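**Student:** how would this look folded up:
(one chain, ligands or ions: 1)
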Amino acid sequence: MPQRRKVVVCRDLGPDVMPTLLNHPELEVIVWPENSSCDRKWLLENAPGASGILVLLSEKVNAELLDAAGPNLRVVSTMSVGYEHADIPELAKRGVKFGYTPDVLTDAVADLSIMLALMAGRNTKETTEIWPNFVWSPFAFCGPQLSATSTSPTRTAGFIGFGRIAQATLARLVPFGFTHCLYTANPSTPPNPAADAQVAAKYGVKEVRRVDMAELARESDVVFVLAPGGSKTYHIVNEEFLKQMKKTAVLVNTSRGTLVDSDALAKALHEGWLYGAGIDVVEGEPNVDENHPLVKAPRCVVLPHIGSATTETRIGMATLAVNNLINGIFGRPMPAELSV
Ligand code: DGY
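**Tutor:** Numbering: from 1, shown residues only. Got it, this is the predicted structure:
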């Protein structure tokens, strides 16, 4: 029997997925035993000699971990679509493959983006906490309506980042009467009006147009933050941006907390520069408590990073992460390898 390859798994991925690893005859599987973020010391102690490591967003994949693992390491697989916790150039330099989980979570995150747009616009922050002190009055808690109306028959969605999740979100907005779509993109990619026209035709909206941040802020009824994290997008939503938004607009962030300056957004909500915010990701998470400026901000719904948290999606992500890991270890094509 060939020598078994060692793999280190930073979280138990549950009964639907773990047997694929645990029953694999050619793998020796070491799993972080607690139901909490994997302890760094434990990971560094268990990494030496590993052929594969399966991580989550909470694990930094850097030179320290790669040094600890040593030369047997062939693949790191993350159970996430985002990968700013991983030093991709460092992995590439060492020839270590990197797997991630695109596509399987697109619908779940798009669903949640719509939910947050509705929750923020209908001020569910205050309305779910009002009991028993509610006195009905005609205009209490009234906010902007997501759907178009006969008196305001158009709606504009603004997307910071216009990838798969943004387009799935746009598809969900069309039945609400959204007619226009503006987006910003990485400045290093050239504009492509012909491709934009095709996207507009695909979703049945009047326009899809790449704009700068200022126009996006000024024109959008809802701004969806859906770009990757990292230094290029750090605090891209700042005071300057927020000051230019419509007073009736809503901001939704379902990508990474680092894109939004929390203090600036809290100030903007206190001072009414925009109507509300729906936030699934906060800079510094999971260390967010009741004193966080966004948790205390009016008309701001803050969720604990649950964009992909449906049973179906999490099983899909875990399955893809495990398949990336196994294929990477045995030198077979990975179902979702990040090309660098
Ligand atoms: C990801 O996979 O990057 C998502 O943020 C998880 O919900």
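**Student:** for the chain, what spans make up the strands?
**Tutor:** In the chain, the segments counted as strands under DSSP state E are 5-9, 27-31, 52-55, 75-78, 97-99, 156-160, 180-184, 207-210, 222-225, 250-253, 276-279, 300-302.
**Student:** any chance of JSON lines for these, columns distance to the ligand?
**Tutor:** No exception for glycine: its C-beta is placed from N, CA and C like everyone else's. Shown next, in JSON lines, are these (distance: least, C-beta to the nearest ligand atom, whole Å):
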{"stretch": "strand 5-9", "distance to the ligand": "17"}
{"stretch": "strand 27-31", "distance to the ligand": "20"}
{"stretch": "strand 52-55", "distance to the ligand": "12"}
{"stretch": "strand 75-78", "distance to the ligand": "8"}
{"stretch": "strand 97-99", "distance to the ligand": "12"}
{"stretch": "strand 156-160", "distance to the ligand": "15"}
{"stretch": "strand 180-184", "distance to the ligand": "20"}
{"stretch": "strand 207-210", "distance to the ligand": "24"}
{"stretch": "strand 222-225", "distance to the ligand": "12"}
{"stretch": "strand 250-253", "distance to the ligand": "11"}
{"stretch": "strand 276-279", "distance to the ligand": "13"}
{"stretch": "strand 300-302", "distance to the ligand": "15"}
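**Student:** any chance of those strands in a markdown table, with mean neighbour count and mean pLDDT too?
**Tutor:** Converted to a markdown table, the strands of the chain look like this (neighbours: other C-beta atoms under 10 Å; pLDDT from 0 to 100):
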| stretch | mean neighbour count | mean pLDDT |
| --- | --- | --- |
| strand 5-9 | 23 | 98 |
| strand 27-31 | 17 | 98 |
| strand 52-55 | 28 | 98 |
| strand 75-78 | 27 | 98 |
| strand 97-99 | 24 | 98 |
| strand 156-160 | 26 | 98 |
| strand 180-184 | 23 | 98 |
| strand 207-210 | 18 | 98 |
| strand 222-225 | 29 | 98 |
| strand 250-253 | 28 | 98 |
| strand 276-279 | 28 | 98 |
| strand 300-302 | 23 | 98 |
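**Student:** number of residues surrounding the residue lying closest to Gly307 once chain neighbours are set aside?
**Tutor:** Residue nearest to Gly307 in three dimensions, not counting chain neighbours: Val109, with 4.1 Å by C-beta to C-beta, 6 or more residues apart in numbering. Val109 has 24 neighbours, counted by other C-beta atoms under 10 Å.
**Student:** center of the chain - which residue?
**Tutor:** In the chain, the residue lying closest to the centroid (C-alpha atoms, centre = their mean) is Ser255, at 3.1 Å.
**Student:** for that one, phi and psi?
**Tutor:** phi -110, psi -80 (degrees, to the nearest 10).
**Student:** point out where the stretch 1-150 of the chain drops to low pLDDT.
**Tutor:** 1-2 (pLDDT under 70).
**Student:** quick one: the helices in it?
**Tutor:** Using DSSP state H, counting those that start in this stretch, the helices assigned to the stretch 1-150 of the chain run over residues 18-22, 40-46, 63-69, 88-93, 106-121, 124-127.
**Student:** most packed of the ones you listed?
**Tutor:** Using mean count of other C-beta atoms under 10 Å, the stretch among these with the largest mean neighbour count is helix 106-121, at a mean of 23.
**Student:** show me what from this structure comes close to the ligand.
**Tutor:** Residues of the chain lying near the ligand by C-beta under 6 Å from any ligand atom: 80-82, 105, 305, 307-308.
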